[in-house]
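**Q** Task: produce atomic coordinates for the following.
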Amino acid sequence: MLKIIGIIGLITASGLAGIMKAYRLKRRIYLLEDYMKMIMDLKSRINYMKEPLPDIFRRVEKTDDSKAIYLLSDISSKISRKRLGIAEIWPQSVKQVYRDEPLSHDDLEIFKYPGRFLGQTDYENHLDSFAYLEEKLHMQMLQAAEEYRKKGPMYSKLGFFIGAAGAILLM
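**A** This is a model prediction of the structure:
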């Protein structure tokens, strides 16, 4: 009886590990989409309101509750406390907010990109930089969706398969 419980536990644990791996792929897609939504909101507020960036950050951070909005909140609070520029604060905040998330190195580099141009260029360069950022984010989202489509079901099934193979070996 104890052996059967152990075997069921092994299969379940392996299956859940596979499901967790598939979830991490799906989480990456969500984080990329969330960041894109925040960037689009930020861009539209810069285009239409033409207010100082810290004020825009405070307005955007009240619109939703997500990682990307938390990033703006973190940046806004650091700007007011540390008196550093966005170029220094943005990459630090991206590292801190997204440190335990399943994002690739390329994803994080794209997330850090707005720190290079926000508040440092004129209106036309902002538009060009936002267009570049949106294109890069779109490419990353397509890549993440394709990776999830290919590998997500495989990880789930593979987890249960490995658990079953281990159970057969233990019998």
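
**Q** Send me the worst-scoring helix or strand of the chain on mean pLDDT as PDB with only the CA atoms.
**A** Using mean pLDDT, DSSP states H and E, the weakest-scoring helix or strand in the chain turns out to be helix 53-61, at a mean of 71. The C-alpha trace of helix 53-61 is given here as PDB (Å, rounded to 0.1, in the frame of the first residue of the first chain):
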ATOM      1  CA  LEU A  53       7.200  62.100 -16.900                       C
ATOM      2  CA  PRO A  54       6.800  61.600 -13.100                       C
ATOM      3  CA  ASP A  55       3.300  62.900 -13.300                       C
ATOM      4  CA  ILE A  56       2.500  60.600 -16.200                       C
ATOM      5  CA  PHE A  57       4.000  57.700 -14.300                       C
ATOM      6  CA  ARG A  58       1.700  58.500 -11.300                       C
ATOM      7  CA  ARG A  59      -1.300  58.600 -13.500                       C
ATOM      8  CA  VAL A  60      -0.500  55.400 -15.300                       C
ATOM      9  CA  GLU A  61       0.200  53.500 -12.000                       C
END
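
**Q** switch to numbering from 33
**A** That works, and once the first residue is 33, the last one we named lands at helix 85-93.

**Q** what's the following helix or strand after it?
**A** Downstream of helix 85-93, the first helix or strand assigned by DSSP states H and E is helix 99-114.

**Q** Extract the C-alpha trace of that following helix and format it as PDB.
**A** Extracted C-alpha coordinates of helix 99-114, given in PDB (Å, rounded to 0.1, in the frame of the first residue of the first chain):
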ATOM      1  CA  LYS A  99       3.900  44.000 -12.900                       C
ATOM      2  CA  ALA A 100       4.400  46.600 -15.500                       C
ATOM      3  CA  ILE A 101       2.400  49.200 -13.600                       C
ATOM      4  CA  TYR A 102       4.300  48.200 -10.400                       C
ATOM      5  CA  LEU A 103       7.500  48.900 -12.400                       C
ATOM      6  CA  LEU A 104       6.300  52.500 -13.200                       C
ATOM      7  CA  SER A 105       5.400  52.900  -9.500                       C
ATOM      8  CA  ASP A 106       8.800  51.800  -8.400                       C
ATOM      9  CA  ILE A 107      10.500  54.100 -11.000                       C
ATOM     10  CA  SER A 108       8.300  57.000  -9.900                       C
ATOM     11  CA  SER A 109       9.100  56.600  -6.200                       C
ATOM     12  CA  LYS A 110      12.900  56.200  -6.900                       C
ATOM     13  CA  ILE A 111      12.900  59.400  -9.000                       C
ATOM     14  CA  SER A 112      11.400  61.400  -6.200                       C
ATOM     15  CA  ARG A 113      13.600  59.900  -3.500                       C
ATOM     16  CA  LYS A 114      17.000  59.400  -5.100                       C
END
